[in-house]
Structure formats: C-alpha cells, structure tokens
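Asker: here is my input, please return the structure:
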Amino acid sequence: MLIDDEDAAIALLGRVGYYTLSGYSYPFRFKDSTGVRTGRFRPGTSLTQVEAIWEFDNRLRAAAFGPLQHVETYLRALLGYHLGEVDPMIHRKPELLSMDRASDYPLWIAKLERQVRDSREEFIVHHREKRNSIVPIWVAVDVLDWGGLSHLYSFAPLGVRDNVAQAFGLNAAQLKSWVRALNVVRNVCAHHSRLYNRYYSLTPKLPRRGQYPALDAIAPAKDSTFAMLTLLQHLALNTLGANTRLLPSVLRTFPADSGMELTSMGAPAEWASSTRWQ
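Answerer: All right, here's what the predicted structure looks like:
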C-alpha cells in the first residue's frame, strides 16, 4: 500500500484504529486460489483511497440512520394502533396472537416487562403509579427497540400484519422479512460498524417482478448493502416525514477516484436512473 504522508497515516491510525481501517482495505487486496483475501494489494492502492472509502461509509451510516428512525417510529405507531383495536392488552394475551414461533413469546414478554419496570419515561411512570401498572399496547410499543418490534409484528394476528404491511406497499410475509433484515442494518449503524460492502445472512422476500422495478434490480444481490438500502428507501418513501433525498445524495458522493465502484456494494450499474433513487 502506498503511503504518501507517514505523519498523516500515523494520525489517521491513531484516530480510527488499525482494525477498523483495515476492514476497508480488504476490497483492494488480491484473493488466493481459495478466494481468501491475502496481504497483497492491487498495484497503485494507497492509504488515501482506503481513507476515502472509510469517510464515505461514515456518511452512509449517518444517512441511513435517519430514515431508519422514521420507519421505526411509523412501524411502532401502526402496530400500537392496529393491535389496540383488537384488544388494549393483547400483548398480555397470547391466545389472541398468531405466533410463528410460540417459543419466542415468553422471552419477548419477559424483556418487555423488564423494560416497563425499569423505564423512567414519564408516560411509563404515569401508568405504573396512576394506572396500577396497566400498560396498554399503544403505550408498551414505545419501550420496544427495533428487534422487539420485529418480534411483536411476527406475533400479531394475521389481519393486523396485513394492515401494517399495506401501509408500506407490501404483504405481511415481505414486511416481516424486511424488518428482520433491517434490524441488522440498524445495529450496524448504531454501533458504527462497517456498512459499506457488508453481506447479510437474513435476506428479504421481494414483491412479484414488475411491481417495483427498483426491487427487481436488487434480486441478484439480495444479501448486499445496496439491497438493504433499497429496502430502507422503499419503506421511507411510504413513511410520512422521512427524508428520502439523503440516501440518494450520499450514494452519489461515492469516491470514484478510490479505484472502487458502487457496484462493489451490490448496486446495479444503472442504479441512479431508478425512480427510487432520484
């Protein structure tokens, strides 16, 4: 790797850390005969190029986190309202739920009870002290994180799942898989992990071909970061108040002089022409 300024390189390593930065150097390394990255870099690779990818990734995480928060808030509200219409205490009545895996419910409700018990939020304190600790579902959802909401959605009666999914232009099975897949993305963003060129074991169910061309385009690489960002952009476009211009604008700042292309994170060559990204 070419290092033009040793003092600047030492300062960068001191600020970022070797192992954090080295993760961004892997795409520049040759693979051996088994497909494993070696310590040999492609000719011309510089630390400046690696730094540019790292800086882009920082922008990308920040751009993704905003829409994720808006989508999470909307999902929380939809679940609270639709489940509350069935029964205000439906979360405490498993016989009213429609669980994919009943074994998940005891763990989920135990965690929810701890969160309600330990919460210092005024609305929770009010229900503990003034309402005999009776916390209806539209209140309880506000202490759930993305993972908790994902489980709650999978527990919801089928009619509720359908109603919530329709708000995002999806069916219930699709939204369930999207929420689970994006939980990983949210954790990556929240913990400042590498988002660029990451691959995901949880992949989404996509609508039938032709319904959403932008989603058709990610079908060959559903496990890529760009695929996950496309899911997020679709959900954000169906979420009132979400900033849907931020992600496209940041993607267009990909450092072309880094020697890499946006296709390295799963983007199709013509991604920018999609209506989802304009």
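
Asker: what separates the lowest-mean-pLDDT helix or strand in the chain from the chain centre, distance-wise?
Answerer: Ranked by mean pLDDT, DSSP states H and E, the helix or strand of the chain with the weakest confidence is helix 122-130, at a mean of 83. Its chain's C-alpha centre and that of helix 122-130 lie 31 Å apart, by Cα atoms, centre = their mean, to the nearest Å.

Asker: right, and the helix or strand after that helix?
Answerer: Next in sequence after helix 122-130, counting helices and strands by DSSP states H and E, comes helix 137-140.

Asker: how far does the helix or strand following that following helix sit from the chain's center?
Answerer: Counting by DSSP H and E, the next helix or strand C-terminal to helix 137-140 is helix 146-155. Centre-to-centre, helix 146-155 and its host chain are 14 Å apart (Cα atoms, centre = their mean).

Asker: stretch 37-56 too?
Answerer: Using Cα atoms, centre = their mean, the offset of stretch 37-56 from its chain centre is 26 Å.

Asker: elements contacting the least confident helix or strand of the chain?
Answerer: Contact partners of helix 122-130 among helices and strands, from 3 or more Cβ pairs under 8 Å, 6 or more residues apart in numbering; DSSP states H and E: helix 137-140. The way it works is simple: take the backbone N, C-alpha and C, and place the C-beta from them, glycine included.

Asker: contacts for the least confident helix or strand of the chain, please.
Answerer: Val116, Ser119, Ser133, Ile134, Val135, Val139, Asp142, Val143 (Cβ atoms under 8 Å, 6 or more residues apart in numbering).

Asker: the residue lying closest to the second one once chain neighbours are set aside and Lys130, how far apart?
Answerer: Beyond its immediate neighbours in the sequence, the residue positioned closest to Ser119 (Cβ to Cβ, 6 or more residues apart in numbering) is Val143, lying 5.5 Å away. Distance, Val143 to Lys130, using Cβ to Cβ, to the nearest Å: 17 Å.
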